[in-house]
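K.L.:
Fold the following.
(one chain, ligands or ions: 2)
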Amino acid sequence: MFFSTPQGWFSHTSMDPPSLVVDSETGAWDCVLLDPLSEESFISNLALRYKRDHIYTYIGNVLVSVNPYRPLNIYSAELARAYRTRGPFQLPPHIFAVAGSAYRWLRDRSEDQCIIVSGESGSGKTHAAAMVVYFIASATPGAGPGLESIRTKLRHIGPLLEAFGNAQTLKNDNSSRFGKYLDIEFDYKGDPLGAHITNCRLVLQVGANSDCDPNIFGSELSIDYLKRKGDGSELAFSRVTHQAPGERNFHIFYQLLVGADIQLLKLLKLQRNTENYSFLKCSLHNHLASPFTPATSPHLEDKLCFQRTRKSLESVGFSSEEILDVFKVVSSVLKLGNVVFIPSNNIDGTEGCTVSNDYELYEVCDLLSMDCTILQGAITSRSLFIDDPHEECGSTLIVTELSASEATQSRNSLCRALQ
Ligand SMILES: Nc1ncnc2c1ncn2[C@@H]1O[C@H](COP(=O)(O)OP(=O)(O)OP(=O)(O)O)[C@@H](O)[C@H]1O
Ligand SMILES: [Mg+2]
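P.N.:
Numbers count the residues shown, from 1 in each chain. Ligands and ions are numbered 1, 2, ... in the order given. This next block holds a predicted model:
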């Protein structure tokens, strides 16, 4: 069985396995059977079932899921295989039934399938999407080293994206701050060939043949949890430089500082203490007390999650050099956040600024392998090409020095772009 901590999935086996008999279900397992069917009867049916740990209920072919806020023994490879071979209404309602149904339509009729997961923050969308991927990775029939490697990659997609794109908010310890669109492609036998994950800034391809075209090889299944967070993607990135009271920055920053060994920290020119980084200072360091958070220390959890993020990067196919490069970029964001600008007067009387701790800039340039004058110029000045109608040769370059607050904004934009 799998259960989630605020930042991922761990196996667990101590509870009784679920019953696979529809008749043993409490209440109405399909709400269309309710009589009378009203909002009140619908909610009380969900509550009745929830008390017996039946968190899934159908409304026709739509599945309603109630977050149990604790691990339940209802996810296993064996169960996934049972749902793959049986029709949706032959077994109790389950996310595996939805995945199994989409899988059979795709395999038997070669029709592309899309699963839409919807709900408020903390309702369990990421969990549901992860269970669909778990289903594909566990219940597809083929065997062989190539297929196993794809399955391993599929299992590691979630934890990897969560490390870089999820953060603790007031509503959810592991809130996804970006919509994601996951396409899994299959061959004609129904085995996964690979996957593409897309969000507004990132495209990740996983598989033996990352150029695979679904029209040639078979069909594809999309797990669509693209969503509007209400705050838009630009604001989601603003979390890098500022967090609301009681919330945290993206998990990866804490994971790296707490989980990296001394040698890696030295290589990345980082110090272990999160208090030393201004982008992490104002955030909440202790996890919120929530019913679904296991009682572990947040530091221990970040440390464990760092091992898993690293393992996921390896499993998905990043080389050791590429992994180090990824961490160098993460480190650069943290260090750039500590760069301080002091107001100064330009010769023409306008306000300019200087960097008070330029050693931070030198170290960032070292990490990013770039020329320091270019970086310093990019964040402390603005360059404009102005078309000159009297000049034949075209445009003139105007360089304006930025004030301390403008330079801070420019630095923050760069950090958000890097993340
Ligand atoms: N079926 C489930 N079994 C056990 N725990 C669950 C289940 N569904 C959700 N949870 C728990 O609830 C928490 C919130 O779920 P999840 O992160 O999936 O919400 P979400 O809908 O993706 O929220 P957000 O929109 O903020 O990203 C998770 O950390 C997970 O531990
Ligand atoms: Mg989520």
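K.L.:
Contact residues of the stretch 101-250 of the chain facing ligand 2?
P.N.:
When proximity is defined as CB under 5 Å from the ion, the stretch 101-250 of the chain approaches ligand 2 at 126, 176. Every residue, glycine included, has its C-beta placed from N, CA and C.
K.L.:
quick one: buried residues of stretch 111-127?
P.N.:
By neighbour count on 16 or more other CB atoms under 10 Å, the buried set for stretch 111-127 is 112-113, 115, 117, 122-127.
K.L.:
for stretch 162-181, same thing?
P.N.:
162-169, 172-181.
K.L.:
could you give me the average pLDDT of stretch 403-419?
P.N.:
In this model, stretch 403-419 has a mean pLDDT of 93.
K.L.:
Please apply the same query to stretch 346-365.
P.N.:
Mean predicted lDDT for stretch 346-365 stands at 91.
K.L.:
Below-threshold pLDDT in the protein: ranges please.
P.N.:
1-24, 199-235, 282-298, 391-393 (pLDDT under 70).
K.L.:
Just confirm yes or no for stretch 168-182 near ligand 1.
P.N.:
Yes. Using CB under 6 Å from any ligand atom, stretch 168-182 reaches ligand 1 at 172-176.
K.L.:
quick one: which of the buried residues of stretch 162-181 sit in helices?
P.N.:
Judged by DSSP state H, the buried residues of stretch 162-181 include 162-165 as members of helices.
K.L.:
List just the nearest of those residues to ligand 1.
P.N.:
Using CB to the nearest ligand atom, Glu162 is the member of these that lies nearest ligand 1, at 8.5 Å.
K.L.:
Does the closest one touch Ser175 like I think?
P.N.:
No. Between Glu162 and Ser175 there is no contact under CB atoms under 8 Å: 9.8 Å.
K.L.:
Quick check: the farthest pair among the residues of stretch 168-182 next to ligand 1?
P.N.:
Maximum pairwise distance in the residues of stretch 168-182 next to ligand 1, criterion CB to CB, is 11.7 Å, between Asp173 and Ser176.
K.L.:
how about stretch 254-261: buried residues?
P.N.:
Here stretch 254-261 shows 254-260 as buried, counting by 16+ other CB under 10 Å.
K.L.:
Stretch 86-102 too?
P.N.:
Using 16+ other CB under 10 Å as the test for burial, stretch 86-102 gives 88, 91-102.
K.L.:
Kindly report the same for stretch 361-378.
P.N.:
361, 363-365, 367-368, 375-376.
K.L.:
ditto for stretch 52-62
P.N.:
Result for stretch 52-62 [16+ other CB under 10 Å]: buried residues 54-58.
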